[in-house]
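In: Sharing a model that was predicted from the sequence below.
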Amino acid sequence: MYDAPGAEILCPHGHTPRTRHREVRDTSRGKCRTVERAAEDRPAGAAGPAQPTVALELLVHGVGGATAEKMLNDPRTVRISGDGVAAVFRRADDVDAESRPGAPRGRPVPEAYVWCNLTSGNAGRALWLLLLPFMVVNLAHWMRPGGDGRPRTVRLYGLLVRLAGLTLTVLLVAAACEVALDLVAWQCAGTRACTDRHTWLGFLSPAAPHPGWWSLPGRRLALAAVVPAALTGLLWYLSHRTWRAYESQLPLTGIDRRDEAIGPTALARPGFWYGRRLVARLRAAHTAAGLLTVAAAVCTSAARFDREPGGPVALDAAGRLLETALVAGAVAVVAVVCHRGRSEQRLDRELDGRLIRWLPLGALAVLVLAVVHAGWERPGWHSSGRLPGNATFGGIALVQGLIVVALAAVAHLLHRAPADEARTAGTSGTLRTPGTSGTLRTPGTSAPARPPGASGASRTVMRGLGGPAVAMLACALGGVMSGGVAQRVADWLDGTRAVIDGPPALLTWQASVIPALLLVLLVPCVRLARETWRLRRVELAAVDRDYPDEPKDPARTRRIATARAMATLTDRSPLLVAVTSATTLLLGTGALVGALTTGRTPSGAAAGTPPFVHGAAQTAQALGSWLIGLGFLLFVTSGRRAYKDASARRTIGILWDVGTFWPRAAHPFAPPCYAERAVPDLTWRMATWTRATGGRLVLSGHSQGSVLAAAAAWQLRPAERSRVALLTYGSPLERLYGRWFPAHFGPAALASLHAEVDCWRNLYRPTDPIGGPVRLPGDPAVDREPLRDPLAYGRTERTPLPAPILGHSDYQADPAFAEERQLLLARLRPDVPAPRPSGGDG
């Protein structure tokens, strides 16, 4: 941050915030001048100067990013605060608008907060594709139903999601072990035909004319362990680097909020956007889990050989001690993951220094000992078949399935909690006073207050089961990525499977059910297509009614009706997610049972069955292997293109804009939460500007920017929040966030925000697939009538060329935008006194 010409800064003359006057420096003139304090420091009834009429419009862009020049509609912009990652910009002519004599007061001063580099900056962001399953499971944590009044059930929900995240880390590292240790070091390097085909493995082959030092099975495993250990180290490094850049950003400090009533959303809590302590704990636990997984893969086969009759006694005892250490380390990891959740009620700056240091180091020490133990020379030890311990994948899949089922049961209980609360309130004398923003309680009752518009959770997706469904998809995505890598490497080493056994049978079974999953998904896709077609026919008549005086153009009408019908797919997407998740759970269970009961691949298990069954099994296995390989290639290609191409990286950044809004509460290796930087930025800017000027402020957010705006408004003190007007357009606050994240953006949370800001207006179009109405009552109502899109149906004198169908973009081009902004500025009371500055607010 730097001082722009003409900006006002406090002079270092020792004046306290409570003095009658303060000195400020006009940096464009290099001198100090004295200005009066805010009106609240004057005694009651004392006369004072006229209140300031300056107004500020703080613009926040949405997904995909935007430039300051485009947002401000001016090629000359100046960064007034921030850095190269996220910053606030103004037009060059408006830099000193608050202090310039004779500055125009008829319009608000626009500022643009540009945050797109938080999600689509340097080429290293392409590596975030590896973290996709972790991001999805982290979303499941925030999708829980409200469950007010059931804190233990809420904690249990968070615990189950964190355990699901831990299984994903173990799964990813186990997949790396499968490739490096089993397929390459154990199977291929131990088979002469495979090493003859891949000569670069010759120094590992025991069948070479002069076997080298690395040809022993344990030493091959020890060398191959470098790959999964390096992967674990890379995940730790990415998490640690982003932790220092994102989670270390302090929210608005110096405010004593202990006496403030926190509303019905956790987003208003002081510590919500500061999850540094939890992420550090989880990072230590997951790093230790990854290293322990590698250690187990290295020492299991050696320990099994040592237990055979006549095996080395000393090595057998050392192996048992290692296994004991592995079990103790696993218990410690699970205990750390289960012990503590997020600290949101206060700004928790503590760090568990010893734990985050010694837990990973202890796991690393166990890995080193396992490598030394496995590398010890053992006469008569040879590698054959698959590496022992392949049942790990079956155990992980079983645990993940049980966690998802338990999570669904907990989510169902939480979803029922509001209904149970409503029934209880109906018998305990809760009264609502007309025209108020809360409820009144009859004496002796304990029914909680609920703002208007906050009743019910009927729009919550999948009856509160959205979180478990998404957690299931995260586990499936992790399995597909793991199986895809193993299948492709096995095909590369020996495509015919004539030389090596290949990956575990379970991975082949999991790939074989993909064609069946796609066939099942055809049913909801066909249903959605049919409903969209029917809605399009209805919209054809609606378009004619909306443009009654225009000469009709059937092609134009069809395009508008199609855009409106396609926009509604967002509201029906939960059906597709529900079917995908449920089918994945059922087919995954079938694959697990088939692999465990037969121990062979689907085609092998179907041997001897009728030709139709055997042929179907072979087809499913071949097609599944091809599909999972295609998906893996597309994944790698997308990552490589995103690494080299900035435009492709920005496209992938759109996915992160939505998926990484939430803090890392379930998985520390998920992509970092950009809102932990953006929300404090916005909060600091609004709080400091309103205190310094006493002016009016309109917070204007488009798309995902409206979500950031709402989150920043919740972080303000009530006195500051009441000085802010909110203008949202193309906003997913209710349509997406309110339905998928009901505990944080549900009806009660949005109603409380509406009651606490000065005014809120929301714009949306029927052609917008993302933005929608907020559905809150009020005077005036939050939602404006749907905007016409396109603005003109055909060619007119004012629009000689056809007007485009804008959908989710260019809301500011609609005259309704300027009209609503002016109404908000007029509604903001110019005589509201400035709040008293607090000494530690910065």
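Out: Looks like it arrived, so ask away.
In: Return the distance of the helix or strand hosting T293 from the chain's centre.
Out: For T293, the host element (DSSP states H and E) is helix 276-306. Taking CA atoms, centre = their mean, to the nearest Å, the mean C-alpha location of helix 276-306 is offset from the chain mean by 26 Å.
In: After that helix, heading C-terminal, what element do we hit next?
Out: For helix 276-306, the following helix or strand on the C-terminal side (DSSP H and E) is helix 313-339.
In: Following element in sequence after that next one, please.
Out: Immediately after helix 313-339, counting by DSSP H and E, sits helix 353-375.
In: Which secondary structure elements does that next one sit against?
Out: helix 217-224, helix 276-306, helix 313-339 (3 or more CB pairs under 8 Å, 6 or more residues apart in numbering; DSSP states H and E). Using the backbone N, CA and C atoms, a C-beta is placed for each residue, glycine as well.
In: List the buried residues for it?
Out: Buried residues in helix 353-375, defined by neighbour count with 16 or more other CB atoms under 10 Å: 355-356, 359-360, 362-364, 366-367, 369-371, 373-375.
In: pLDDT below threshold where in the stretch 51-200 of the chain?
Out: 51-53, 101-106, 120-128 (pLDDT under 70).
In: Which stretches in it count as helices?
Out: Assigned by DSSP state H, counting those that start in this stretch, the helices in the stretch 51-200 of the chain fall at 68-72, 117-120, 132-142, 151-177, 192-197.
In: Buried residues, the last one. List them.
Out: Buried positions in helix 192-197, judged by neighbour count with 16+ other CB under 10 Å: 194-195.
In: Need the residues that contact that helix.
Out: For helix 192-197, contacts defined as CB atoms under 8 Å, 6 or more residues apart in numbering pick out 187-189, 201-202, 204-205, 207-208, 493-494, 499-500.
In: about what we covered before: right, and the helices and strands packed on helix 353-375 - which one's nearest L627?
Out: helix 276-306 (27.3 Å; CB to CB).
In: Who are the packing partners of that closest one?
Out: Using 3+ CB pairs under 8 Å, 6+ apart, helix 276-306 is in contact with helix 151-177, helix 217-224, helix 226-242, helix 313-339, helix 353-375.
In: tilt between the last one and helix 217-224?
Out: Think helix 353-375. Put simply, helix 353-375 runs at 140 degrees to helix 217-224, going by axes from the mean of the first three to the mean of the last three CA atoms, to 10 degrees.
In: Check the gap between A567 and A606 for me.
Out: Counting by CB to CB, to the nearest Å, the gap from A567 to A606 is 46 Å.
In: ok, these two, which is more surrounded?
Out: A567 (24 against 21; other CB atoms under 10 Å).
In: ok, back up a step: show me the one of the helices and strands packed on helix 353-375 that comes nearest Q618.
Out: helix 276-306 (31.1 Å).
In: what comes up buried for that closest one?
Out: Applying 16+ other CB under 10 Å to helix 276-306 flags 276-303, 305-306 as buried.
In: helices or strands up against the lengthiest helix in the chain?
Out: Criterion DSSP state H: the longest helix present in the chain is helix 391-426. Under the contact criterion of 3+ CB pairs under 8 Å, 6+ apart, helix 391-426 touches helix 151-177, helix 466-493, helix 505-512, helix 569-598.
In: Out of those, which one sits most buried?
Out: helix 505-512 (a mean of 27; mean count of other CB atoms under 10 Å).
In: quick check: angle from that one to helix 466-493?
Out: 110 degrees.
In: Now do the next helix or strand after helix 505-512: which elements does it pack against?
Out: Using DSSP H and E, the helix or strand that follows helix 505-512 in sequence is helix 514-546. Where contact means 3+ CB pairs under 8 Å, 6+ apart, helix 514-546 is packed against helix 554-567, helix 569-598, helix 611-644.
In: With P228 as the reference, name the closest of these.
Out: helix 611-644 (17.9 Å).
In: buried stuff in the closest one?
Out: Buried residues in helix 611-644 (16+ other CB under 10 Å): 614, 616-618, 620-621, 623-625, 627-629, 631-632, 635, 639, 642-643.
In: other SSEs contacting that helix?
Out: So helix 611-644, by 3+ CB pairs under 8 Å, 6+ apart, packs with helix 466-493, helix 505-512, helix 514-546, helix 602-605, helix 646-659.
In: end to end, how far does stretch 180-193 reach?
Out: 18 Å (CA to CA, to the nearest Å).
In: got the residue ranges for the strands in the stretch 1-150 of the chain?
Out: Using DSSP state E, counting those that start in this stretch, the strands of the stretch 1-150 of the chain run over 8-10, 21-26, 31-36, 55-60, 77-82, 87-91, 109-114.
In: Next, the contact list for A595, please.
Out: 394, 504-506, 508-509 are the contacts of A595 under CB under 8 Å, 6+ apart.
In: Farthest pair within the residues you listed?
Out: Farthest apart among the contacts of A595 - using CB to CB - are G394 and T508, which lie 12.5 Å from each other.
In: ok so, going back, the inter-axis angle of the longest helix of the chain versus helix 569-598?
Out: Going by the same axes, to 10 degrees, helix 391-426 makes 140 degrees with helix 569-598.
In: mind listing what's buried in helix 391-426?
Out: 392-394, 396-397, 399-401, 403-404, 406-408, 410-411, 413-418, 421, 425.
In: Kindly report the same for stretch 546-555.
Out: 546-547, 550.
In: Could you do stretch 679-694 as well?
Out: For stretch 679-694, using 16+ other CB under 10 Å, the buried residues are 679-687, 689-694.
In: Tell me which of those has the lowest pLDDT.
Out: Among the buried residues of stretch 679-694, G694 has the lowest pLDDT, at 80.
In: Just say helix, strand or coil for the residue nearest to A563 when sequence neighbours are not counted.
Out: Leaving out its chain neighbours, the residue that sits closest to A563 by CB to CB, 6 or more residues apart in numbering is T767, at 4.3 Å. Recorded secondary structure, T767: coil (DSSP: H, G, I helix; E, B strand; the rest coil).
In: Show the contacting residues for the closest residue to A582 other than its chain neighbours.
Out: Nearest residue to A582 in three dimensions, chain neighbours excluded: A469, at 7.7 Å (CB to CB, 6+ apart). Shown in contact with A469 (CB under 8 Å, 6+ apart): 462, 577-578, 580-582.
In: Likewise for T242?
Out: 671-672.
In: To what extent is the nearest residue to D814 once chain neighbours are set aside buried, counted in neighbours?
Out: Closest residue to D814 apart from its sequence neighbours, by CB to CB, 6+ apart: L787 at 5.5 Å. Residues lying near L787 (other CB under 10 Å) number 19.
In: Then T496?
Out: Residues near T496, counting by other CB under 10 Å: 7.
In: Check which helix or strand it maps to.
Out: Applying DSSP H and E, one finds T496 in no helix or strand.
In: roughly how far apart are the closest residue to G604 other than its chain neighbours and G502?
Out: In this structure, G604 finds its nearest non-sequential neighbour in T598, 7.4 Å apart by CB to CB, 6+ apart. Using CB to CB, we find T598 at a distance of 15 Å from G502.
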